[in-house]
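In: Need a 3D model of the following:
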Amino acid sequence: MNKLITILTFLLLYTSASMGQSSSSDSLGKVIFKKNTSVRFYLGTKRDGSNALPMQVNSKYTVKLTSAGRYTMTHLDLKLGHKVPFEIYADGKAPETTYGLSNGEKEFTKLWYAKNPCIITFSASDDLAGLEGIFISIDGEPYFEYTDTIALDKEKKYDLKFFSIDKVGNKESVGSLQVLVDGTPPVSALTIEGDRYENTLSGRSAIVLKATDANGVRKILYKLDGGHEFRYGLPLKTATMIEGDHSITYYAEDMAGNKEAPQTFSFFVDKTPPLVFEEISGNSYLLNGRSYSSGRSQLRISAVDNKAGVKSIYYTVNGKTTHEYDKPIYLSDLVGTVSIKSFAVDNVNNRSSDSQESQQMTVPSIDIAGPRVGHRFLGNIFMRGDTTFIAPNTRVKIDAIDPESGVAQVTYRLDSAIEAVYSEPFMVTKEGMHHFTYTAFDNVDNLNIGKGSFFVDATGPVVSMIFGVNPVSTDSAGTKVYPSNLIVFLGATDQIAGVSKIFYSLNGEKDHPYILPISNFKSGKTYTLKVKAFDALGNISEQEISFAVGE
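Out: Numbers count the residues shown, from 1 in each chain. Purely as a prediction, here's the structure:
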């Protein structure tokens with residue numbers, strides 16, 4: 001009996017996909033069809049199937065594999081003495097694709113944030129027929145078969161679509177992946193809410209951290225004074241910090257995990273208000289049992305602060321309106337007994353409390369005027385226009401009177417000389433124009449200033465003697481000899497004060513005022529004529545001449 005050799009040949013009547021096959025076999029020899037594929041079975045005696053004839057299964061030539069799984073056919077092998085199974089498989093499950101991103105962070109949505117460059121790896125698995133391929137489309141471009149990792153190296157948002165096909169044509173539903181590639185770190189900034197002066201903060205301030213990034217900030221991290229790192233949420237209040245030096249180091253991280261370089265802000269928390277000091281200062285003088293103040297006696301208020309520095313000082317007098325203190329307060333503005341309270345504010349608005357005990361004082365009699373001053377000249381004086389002319393022996397006297405606290409001292413300066421204390425009238429002998437200033441002080445240091453100018457005329461008139469006739473001869477001693485009808489005319493000129501009077505004497509006789517020309521000279525006699533001329537300031541000039549009168 002010929003051995004019956006059974007050969008099963010399977011024809012694919014339909015395919016269900018354009019990519020992949022509708023049948024396959026794995027490494028173990030399994031015959032695998034795609035689910036819902038219609039197949040025919042053939043029976044023949046030759047291994048090449050050349051004499052195979054179609055078979056009917058359940059009275060049908062085709063069998064549709066409508067269910068996924070294993071299908072088993074058996075035939076009786078007489079040689080072996082038992083039934084031999086023949087198995088085929090229907091694969092209705094598509095592959096499953098997975099992916100992985102380097103430098104990627106996924107948010108709650110399908111969007112991934114990734115640093116630059118982002119490397120994407122795809123893989124797929126199929127339980128039965130095996131994977132035929134993975135296909136990728138980037139930003140709507142045509143699909144290509146995935147063979148190696150994909151690098152996304154531009155800072156932008158990528159839209160990827162992907163699917164896999166197994167060896168019998170089962171196609172996975174298209175999956176999508178959005179990746180935003182971001183290589184730029186965020187930028188953070190620190191601001192202060194509340195009181196700040198330079199890097200000093202009050203105990204009422206708050207530190208605010210903010211960050212910006214083109215694609216979103218994931219978090220801001222900080223650590224205070226080198227301690228543990230915390231995620232920033234709400235402003236950091238300095239009220240929770242001790243007074244003194246502090247530092248905060250902070251940085252931001254974006255959605256892709258890019259981190260900016262840490263920044264550090266050093267600051268001082270100042271919770272201490274300024275200390276305030278009040279004092280009364282100024283000059284006073286007791287005269288005849290009465291106290292005088294210069295009016296420059298002042299209320300001075302000062303304050304010191306431990307760190308931020310004093311911004312403002314305020315005060316009230318006798319509980320009235322509060323004023324900002326900007327300069328000492330003259331007691332001339334106050335009368336009687338006064339009560340003073342003050343407080344200070346530093347540059348971060350820490351405020352000291354009002355003084356518990358007010359400063360009280362009785363204001364003395366106020367002398368706010370300096371002495372009355374003036375000057376006069378003792379001796380010859382001559383005025384021309386607004387210029388005063390004096391003689392070298394004329395004295396300059398400075399007058400000062402103070403009816404309240406009295407005159408303490410008078411000083412003066414003549415021309416460019418050093419200032420000197422005035423004690424008595426003084427003379428100036430140097431001819432020419434002079435200027436002087438003088439200052440009078442009272443006993444509470446009020447002062448008054450005066451000034452003046454004068455011209456010292458120390459030159460007498462210029463004397464002239466005119467002989468009415470010419471000499472007729474000269475004697476043996478060289479003396480000029482004039483005729484007996486000689487008449488002598490006298491004159492004088494003075495360019496400044498003018499000539500006041502002229503005197504003359506002959507041969508030592510007493511002086512005569514010059515009124516008329518001199519005549520009646522005796523013949524044969526020798527004369528000595530002495531002339532004196534005075535100007536209006538008493539300056540004198542003398543001139544003497546000898547002559548003879550002939551026979």
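
In: Could you use CA atoms for every contact and neighbour count after this?
Out: Noted.

In: What backbone torsions are found at A239?
Out: When quoted as degrees, to the nearest 10, the phi and psi of A239 stand at phi -60, psi -30.

In: which residues touch it?
Out: By Cα atoms under 8 Å, 6 or more residues apart in numbering, the residues touching A239 are G203, R204, S205.

In: Among the residues you listed, name the ones in strands.
Out: Taking DSSP state E, every one of the contacts of A239 sits outside strands.

In: Neighbour-wise, give me the winner out of those.
Out: Among the contacts of A239, G203 has the most neighbours (other Cα atoms under 10 Å), with 22 neighbours.

In: Against A308, how distant is it?
Out: As judged by Cα to Cα, to the nearest Å, G203 and A308 stand 12 Å apart.

In: what residues are shared contacts of those two?
Out: Both G203 and A308 are in contact with D270, where contact means Cα under 8 Å, 6+ apart.

In: any idea how far the most centrally placed residue in the chain lies from Y330?
Out: Central residue of the chain (Cα atoms, centre = their mean): E198, 8.9 Å from the mean position. Distance, E198 to Y330, using Cα to Cα: 35 Å.

In: what's the domain layout of the protein?
Out: Split into domains by automatic domain parsing, the chain comes to 9-91, 96-181, 187-270, 275-366, 372-456, 462-549.

In: ok, of these, where does mean pLDDT dip lowest?
Out: For the domains of the chain, the weakest mean pLDDT is recorded on domain 9-91, namely a mean of 68.

In: can you pull the contacts of the residue nearest to the centre of the chain?
Out: So E198 contacts nothing (Cα under 8 Å, 6+ apart).

In: So it versus I313, what's the distance?
Out: 20 Å.

In: just D475 next, same as before
Out: 102 Å.

In: quick one, what contacts the closest residue to I248 other than its chain neighbours?
Out: The spatial neighbour of I248 that comes closest, neighbours along the chain excluded (Cα to Cα, 6 or more residues apart in numbering), is L224 at 4.6 Å. The contact partners of L224, by Cα under 8 Å, 6+ apart, come to H246, S247, I248, T249.

In: And for the second one, the neighbour number?
Out: Okay, so that is S247. For S247, using other Cα under 10 Å, the count is 14.

In: That one is in contact with T264, isn't it?
Out: Yes: using Cα atoms under 8 Å, S247 is in contact with T264, at 6.7 Å.

In: helix, strand or coil for E105?
Out: Assigned with DSSP: H, G, I helix; E, B strand; the rest coil, E105 falls in the strand class.

In: these two touch, right, it and D254?
Out: No: counting by Cα under 8 Å, E105 stays clear of D254, with 10.1 Å between them.

In: Could you check which of those two has the larger neighbour count?
Out: D254 (27 against 16).

In: what's the helix or strand where V396 lies in contact with?
Out: Using DSSP states H and E, V396 sits within strand 395-401. Residues outside strand 395-401 that contact it (Cα under 8 Å, 6+ apart) are 371-379, 407, 410, 422, 424-428, 438, 440.

In: Can you tell me which of these end up in strands?
Out: 372-378, 407, 410, 426-427, 438, 440.

In: tell me which of those is nearest to I515?
Out: L378 (30.9 Å; Cα to Cα).

In: Quick check: closest non-adjacent residue to the closest one.
Out: In space, L378 is closest to R395, 4.9 Å off (Cα to Cα, 6+ apart).

In: thinking again about what came up before, which entries within the ones in strands among the contacts of strand 395-401 meet the buried criterion?
Out: R372, V373, G374, F377, V407, V410, M427, Y438, A440 (16 or more other Cα atoms under 10 Å).

In: Same list (those residues) but as JSON lines, adding distance to T72.
Out: Listed next are those as JSON lines, based on distance: Cα to Cα, whole Å:
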{"residue": "R372", "distance to T72": "141"}
{"residue": "V373", "distance to T72": "142"}
{"residue": "G374", "distance to T72": "144"}
{"residue": "F377", "distance to T72": "153"}
{"residue": "V407", "distance to T72": "141"}
{"residue": "V410", "distance to T72": "140"}
{"residue": "M427", "distance to T72": "152"}
{"residue": "Y438", "distance to T72": "139"}
{"residue": "A440", "distance to T72": "138"}
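
In: any idea how far stretch 403-415 is from the chain center?
Out: Averaging C-alpha positions (Cα atoms, centre = their mean, to the nearest Å) puts stretch 403-415 50 Å from its chain's average.

In: again with stretch 438-452
Out: 46 Å.

In: Can I get it as PDB, trimmed to CA atoms?
Out: Only the C-alpha atoms of stretch 438-452 are listed here, as PDB (Å, rounded to 0.1, in the frame of the first residue of the first chain):
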ATOM      1  CA  TYR A 438      34.800 146.600  61.500                       C
ATOM      2  CA  THR A 439      32.700 144.100  63.500                       C
ATOM      3  CA  ALA A 440      31.100 144.600  66.900                       C
ATOM      4  CA  PHE A 441      30.100 141.500  69.000                       C
ATOM      5  CA  ASP A 442      27.700 141.600  72.000                       C
ATOM      6  CA  ASN A 443      27.900 139.300  75.000                       C
ATOM      7  CA  VAL A 444      25.700 136.600  73.400                       C
ATOM      8  CA  ASP A 445      27.700 136.700  70.100                       C
ATOM      9  CA  ASN A 446      25.300 138.700  68.000                       C
ATOM     10  CA  LEU A 447      27.300 140.800  65.700                       C
ATOM     11  CA  ASN A 448      27.000 143.800  63.400                       C
ATOM     12  CA  ILE A 449      29.400 144.900  60.600                       C
ATOM     13  CA  GLY A 450      30.300 148.400  59.400                       C
ATOM     14  CA  LYS A 451      32.600 149.700  56.800                       C
ATOM     15  CA  GLY A 452      34.100 153.000  55.600                       C
END
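
In: If we go by neighbour counts, what in that stretch is buried?
Out: For stretch 438-452, using 16+ other Cα under 10 Å, the buried residues are 438-449, 451.

In: can you list the residues that contact that stretch?
Out: With Cα under 8 Å, 6+ apart, stretch 438-452 has contacts from 283-285, 292-294, 367-375, 398, 400, 402, 405-413, 435-437.

In: which of these count as buried?
Out: 284-285, 292-294, 367-374, 398, 400, 402, 405-413, 436.

In: mind putting the contacts of L224 in JSON lines, distance to L111 and secondary structure included?
Out: JSON lines is the format used below for the contacts of L224 (distance: Cα to Cα, whole Å; DSSP: H, G, I helix; E, B strand; the rest coil):
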{"residue": "H246", "distance to L111": "40", "secondary structure": "strand"}
{"residue": "S247", "distance to L111": "37", "secondary structure": "strand"}
{"residue": "I248", "distance to L111": "33", "secondary structure": "strand"}
{"residue": "T249", "distance to L111": "31", "secondary structure": "strand"}
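
In: For those residues, which ChimeraX command selects only the ones that are buried?
Out: Selection of buried members from the contacts of L224 for ChimeraX, criterion 16+ other Cα under 10 Å:
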select :248,249
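
In: which among the contacts of L224 gets closest to Y42?
Out: T249 (80.9 Å).

In: got the contact list for the closest one?
Out: Y222, K223, L224, D225, G226, P262, Q263, T264, F265.

In: cool, and H75?
Out: Per Cα under 8 Å, 6+ apart, neighbours of H75: K83, V84, P85.

In: For it, give the beta-bridge partners.
Out: Under DSSP bridges, the beta-bridge partners of H75 are V84.

In: Next, work out how far apart it and I301 are.
Out: For H75 relative to I301 (Cα to Cα), the value is 121 Å.
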